[in-house]
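1. Would you be able to build a 3D model of this:
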Amino acid sequence: MSGLQVALVQLDAGPDVERNLATAAGLADEAAAAGARLVALPEYLQYRGSDEGFRASARPIPGPWTEPFAEVARRRGTWVLVGSLAETSDEPDRPYNTSVLVGPDGSIAATYRKIHLFDVAVDAGPVDRESGRVRPGDRAVVTDVDGIRLGLTICYDLRFPELYRSLALAGAEVLAVPANFTERTGRDHWEVLLRARAIENGAYVIAPSQIGGPPGQPAFGRSMVVDPWGTVIAQAPDRVGIVQAELDPERVAAVRRQIPVLANRRPNAY
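-> Numbers count the residues shown, from 1 in each chain. Purely as a prediction, here's the structure:
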């Protein structure tokens, strides 16, 4: 099986939804034109600002916020992972935080609603209660991109290794972590956690992230691709832009053959 060319788009989204979508779609188109077969974008790409503004930005999926990326996918014949959007739910004050995989024909190939919500209070750092503005999902998702199995997660999910193990056991060879990871926690935890999830599952991790953002709670950036051995093979500099890498499914098979942690599990003893 041939490798999968991926591109991660690093954004600095703000409160202007139309501008955010135009920037994200433009960079996705640029990445696809440069040869990416899968373009991955970060979390909260349509809006970053007040909780009220986030709620107001929610739309159905598919809908007006997915259509710009469907157009890119159709025009370039590529896959686009829309890292996350606010998706309307039956609770007007709590839309879902939803990741959307768009296929090369522009159709919605898969959706994942963020399971673990960022309810934290870090000393001298971020204080947030995502569950106050977001309704959690309740289903893990593994899907297919050109014959390669892709597990979908979002940001704070990264701290819950049991989710990633379940995705790997379901066949995931690549784990997606679109994020809006805070700068305060990101400088100590972001790379460590991404590499850990790759190593313990023998899988690639692709992690497109936001940078900058609203005053008082900046995002860390450093979008990266980690290989199944835990090696960072691509990383974005500290600005808006694109970083590219090639994912080799044979590398996943080789690492899992050498260190067969999935096969050596003993769940009956835990």
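
2. Give me the distance between A124 and V102.
-> 39 Å (Cβ to Cβ, to the nearest Å). All C-beta spots, glycine's among them, are computed from the backbone N, C-alpha and C.

3. I misspoke; the intended subject was A110.
-> 9 Å.

4. More neighbours: those two, which one.
-> Per other Cβ atoms under 10 Å, whichever of A110 and V102 has more neighbours is V102, with 26 against 17.

5. Test my guess that the more buried one contacts V82.
-> Yes - at 6.4 Å, V102 and V82 qualify as touching, with contact defined as Cβ atoms under 8 Å.

6. Overlap of the contact sets of those two?
-> Counting by Cβ atoms under 8 Å, 6 or more residues apart in numbering, the shared contacts of V102 and V82 are 66, 69.

7. Closest to the centroid, which residue in this structure?
-> P178 (2.0 Å; Cα atoms, centre = their mean).

8. Excluding chain neighbours, give the residue nearest to that one in space.
-> Distance criterion Cβ to Cβ, 6 or more residues apart in numbering; nearest residue to P178, sequence neighbours excluded, is G83 at 2.8 Å.

9. show me what contacts that neighbour?
-> G83 neighbours (Cβ under 8 Å, 6+ apart): 40-45, 99, 154, 178-179, 208.

10. so what's the nearest residue to D138 once chain neighbours are set aside up against?
-> Spatially, and ignoring its direct neighbours in sequence, D138 is nearest to I115 (6.7 Å; Cβ to Cβ, 6+ apart). Residues in contact with I115 (Cβ under 8 Å, 6+ apart) are 136-140, 157, 160, 163.

11. Have a look at the chain and report the helix or strand with the lowest mean pLDDT.
-> strand 127-129 (a mean of 86; mean pLDDT, DSSP states H and E).

12. now the helices: where do they sit in the stretch 151-270 of the chain?
-> Along the stretch 151-270 of the chain, the segments classed as helices by DSSP state H, counting those that start in this stretch run 161-169, 183-201, 249-258.

13. and these as TSV, adding distance to E52 and mean neighbour count?
-> Formatted as TSV, the helices of the stretch 151-270 of the chain follow (distance: least, Cβ to Cβ, whole Å; neighbours: other Cβ atoms under 10 Å):
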stretch	distance to E52	mean neighbour count
helix 161-169	30	18
helix 183-201	24	19
helix 249-258	43	16
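
14. For E91, find the nearest of those helices.
-> helix 161-169 (23.1 Å; Cβ to Cβ).

15. what angle separates the closest one from helix 183-201?
-> 40 degrees (axes from the mean of the first three to the mean of the last three Cα atoms, to 10 degrees).

16. helices and strands around helix 161-169, which ones?
-> Helix 161-169 sits against strand 148-152, strand 174-176, helix 183-201, with contacts defined as 3 or more Cβ pairs under 8 Å, 6 or more residues apart in numbering; DSSP states H and E.

17. The shortest one pairs with which strands, and in what direction?
-> Counting by DSSP bridges, the strands paired with strand 174-176 are strand 148-152 (parallel), strand 204-207 (parallel).

18. residues in contact with the closest residue to L27 other than its chain neighbours?
-> If the residues on either side of it in the chain are set aside, L27 comes closest to V9, at 4.6 Å by Cβ to Cβ, 6+ apart. V9 is in contact with 24, 27-28, 31, 39-42, 208, 223, 241-242, counting by Cβ under 8 Å, 6+ apart.

19. now do 10 Å
-> Applying Cβ atoms under 10 Å, 6 or more residues apart in numbering to V9 gives the contacts 23-28, 30-31, 36, 39-42, 45, 80-81, 83, 178, 208-209, 223, 236, 240-243.

20. ditto for P218
-> 12, 126, 182-184, 186, 210-212.

21. about what we covered before: in terms of contact, does the residue nearest to the centre of the chain touch S223 like I think?
-> Yes - under the contact definition of Cβ atoms under 10 Å, P178 touches S223, with a separation of 9.2 Å.

22. Can you check which residues contact both of the two?
-> Common neighbours of P178 and S223 (Cβ under 10 Å, 6+ apart) are 8-9, 40-42, 206-210.

23. Among these, which one lies nearest to W65?
-> Nearest to W65 among these, with distances taken as Cβ to Cβ, is L41, at 11.7 Å.
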